[in-house]
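Peer 1: everything below, folded, please.
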Amino acid sequence: MGREWTEEELKERKLTAETAPQGRWERTKARYMGIFDYFTKPAWTELLPPPHPHPMYHRDYTLIIDLDDLLIKSMWDRQHGYRTAKRPGVDYFLAYLSQFYEIVLFTTQNSYTAEPILENLDRYGMYFTYRLYRESTRSTSGHIVKDLSYLNRDLSKVVVLETEPDYVSLHPENAIILPKWDGSPKDRGLVGLIPFLESLAIYKVPDVRPILQAYAGKDIPIEYAKKEALEKQRHIEEWNKNPKSKPRTNPGLAALFGIAPPPPSTDVPLTYLEQKRREYQQKYLEEKEWLQKNREELEKLREQDRQAMMGEVPQNLWEMMDRMKAGAPPPGQEGQQTSAPSQKTP
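Peer 2: Below is the predicted model:
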């Protein structure tokens, strides 16, 4: 157990020859403690597949979003039992930002409790590129954490929205810590974050972490709105200084005919950010219109998928045992239901 590290071991442990434990005793201890990795580390060394190569689906940035107290609020009372409320603006938030980000839902819930909620939150699977559950977390000192080093993504392009600081304690520089949603129907917390998040992608910042750290502990929607207002004012001042933006009417000639000189030009062009924002808002409206027109067809496809999945579920213990004995279906026949040939009398 004290032997030198192999390349496969270093890759699996996400270490390099320089960062790996050195010395025979240190290597022995690291390998021995690795026996407990099954209980403390994610089920997979890479939680996400490589980014999609197709430009239509590729996003330069990844947005990691939690579920509880951020997108939804679960409540219980004696009259209704458990109920789940959807945060105001969540549909627009997901639909609009999915144009800029690869959105990944990362929750500490188990899949069997989270999936029914997500089926209603993202009904047609258009916004969450991937979904990660409890088995994708790890444990350090008895606390659950979301280790971003397992994501298989460039962390300079990863933004995490979280309500529990402990969950992102390993990578706080990537996180925006938000207050928990209290269930108020007048909440505007998610929608207020959109201008800041879209600007990161529109301006193609090389590393989001220094920017997130600059806003740490601040009310991001308010602070960013102030900054954008200052940039807009500076843009207007520069435009007014440009001779081409001045009115060309001769004031002397206007006075001769008793006409007041025209006011200064107010036709200030949009900033680059405003131009891109208008473009993406138009795309969002077009997608929304398309969804409304094709909702009936999408519901049919959704029901077909549900029926196909139900067909794969064994109906009883005997059927499950028969399938286990039969093994995997031949290539090309996955998902096809098999049935015994009908017995016909001559």
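Peer 1: any idea how many residues pack against D182?
Peer 2: 8 (other C-beta atoms under 10 Å). (Glycine included, C-beta is placed from N, CA and C.)
Peer 1: again with F196
Peer 2: Residues lying near F196 (other C-beta under 10 Å) number 20.
Peer 1: contact partners for it?
Peer 2: Taking C-beta atoms under 8 Å, 6 or more residues apart in numbering, we find F196 in contact with Y215, I220, P221, Y224.
Peer 1: how about R24?
Peer 2: By C-beta under 8 Å, 6+ apart, the contact set of R24 is G2.
Peer 1: rewinding a little: need the contacts of F196 in CSV with distance to L170, can you?
Peer 2: Converted to CSV, the contacts of F196 look like this (distance: C-beta to C-beta, whole Å):
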residue, distance to L170
Y215, 20
I220, 22
P221, 27
Y224, 26
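Peer 1: make CSV from those residues and add secondary structure, distance to L97 and pLDDT to it.
Peer 2: What follows is the contacts of F196, written out as CSV (DSSP: H, G, I helix; E, B strand; the rest coil; distance: C-beta to C-beta, whole Å; pLDDT from 0 to 100):
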residue, secondary structure, distance to L97, pLDDT
Y215, coil, 17, 94
I220, helix, 14, 95
P221, helix, 14, 95
Y224, helix, 15, 95
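Peer 1: and which of the residues you listed is nearest to R31?
Peer 2: Y215 (41.5 Å; C-beta to C-beta).
Peer 1: my guess is the closest one meets Y224, correct?
Peer 2: Yes. The criterion here is C-beta atoms under 8 Å, and Y215 meets it with Y224 at 7.4 Å.
Peer 1: pretty sure H58 belongs to a helix, no?
Peer 2: No. The assignment for H58 (DSSP: H, G, I helix; E, B strand; the rest coil) gives coil, which keeps it out of a helix.
Peer 1: grab the nearest non-local neighbour of it.
Peer 2: H52 (5.1 Å; C-beta to C-beta, 6 or more residues apart in numbering).
Peer 1: and I117, which helix or strand is it part of?
Peer 2: helix 111-121 (DSSP states H and E).
Peer 1: list the buried ones in that helix?
Peer 2: Buried residues in helix 111-121, counted by 16 or more other C-beta atoms under 10 Å: A114, I117, L118, L121.
Peer 1: what do you get for stretch 118-133?
Peer 2: By 16+ other C-beta under 10 Å, the buried positions in stretch 118-133 come out as L118, L121, D122, Y127, F128, T129, Y130, R131, L132, Y133.
Peer 1: what about those residues, which are in helices?
Peer 2: Within those, residues falling in helices by DSSP state H are L118, L121.
Peer 1: closest to I211 out of the buried residues of stretch 118-133?
Peer 2: Once C-beta to C-beta is applied, the member of those that ends up nearest I211 is T129, at 22.7 Å.
Peer 1: roughly how far apart are that closest one and Y96?
Peer 2: From T129 over to Y96 the distance is 15 Å, taken as C-beta to C-beta, to the nearest Å.
Peer 1: rewinding a little: dump the buried residues of stretch 118-133 to TSV, plus distance to V158 and pLDDT.
Peer 2: Below are the buried residues of stretch 118-133 laid out as TSV (distance: C-beta to C-beta, whole Å; pLDDT from 0 to 100):
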residue	distance to V158	pLDDT
L118	21	90
L121	21	90
D122	20	91
Y127	17	93
F128	16	94
T129	13	93
Y130	13	93
R131	16	94
L132	13	94
Y133	19	92
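Peer 1: ok, which pair from the buried residues of stretch 118-133 is furthest apart?
Peer 2: Farthest apart among the buried residues of stretch 118-133 - using C-beta to C-beta - are Y127 and Y133, which lie 17.1 Å from each other.
Peer 1: could you pull out the strands in the stretch 151-300 of the chain for me?
Peer 2: All strands of the stretch 151-300 of the chain, identified by DSSP state E, counting those that start in this stretch, fall at 158-162, 175-177.
Peer 1: looking at those strands, which is closest to L190?
Peer 2: Proximity to L190, assessed across those by C-beta to C-beta, is greatest for strand 158-162 (8.8 Å).
Peer 1: any chance of the strands of the stretch 151-300 of the chain in a markdown table with mean pLDDT as columns?
Peer 2: Listed next are the strands of the stretch 151-300 of the chain as a markdown table, based on pLDDT from 0 to 100:
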| stretch | mean pLDDT |
| --- | --- |
| strand 158-162 | 97 |
| strand 175-177 | 96 |
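Peer 1: deepest in the core, which of those strands is it.
Peer 2: Each of these was scored by mean neighbour count; the highest is strand 158-162, a mean of 22, by mean count of other C-beta atoms under 10 Å.
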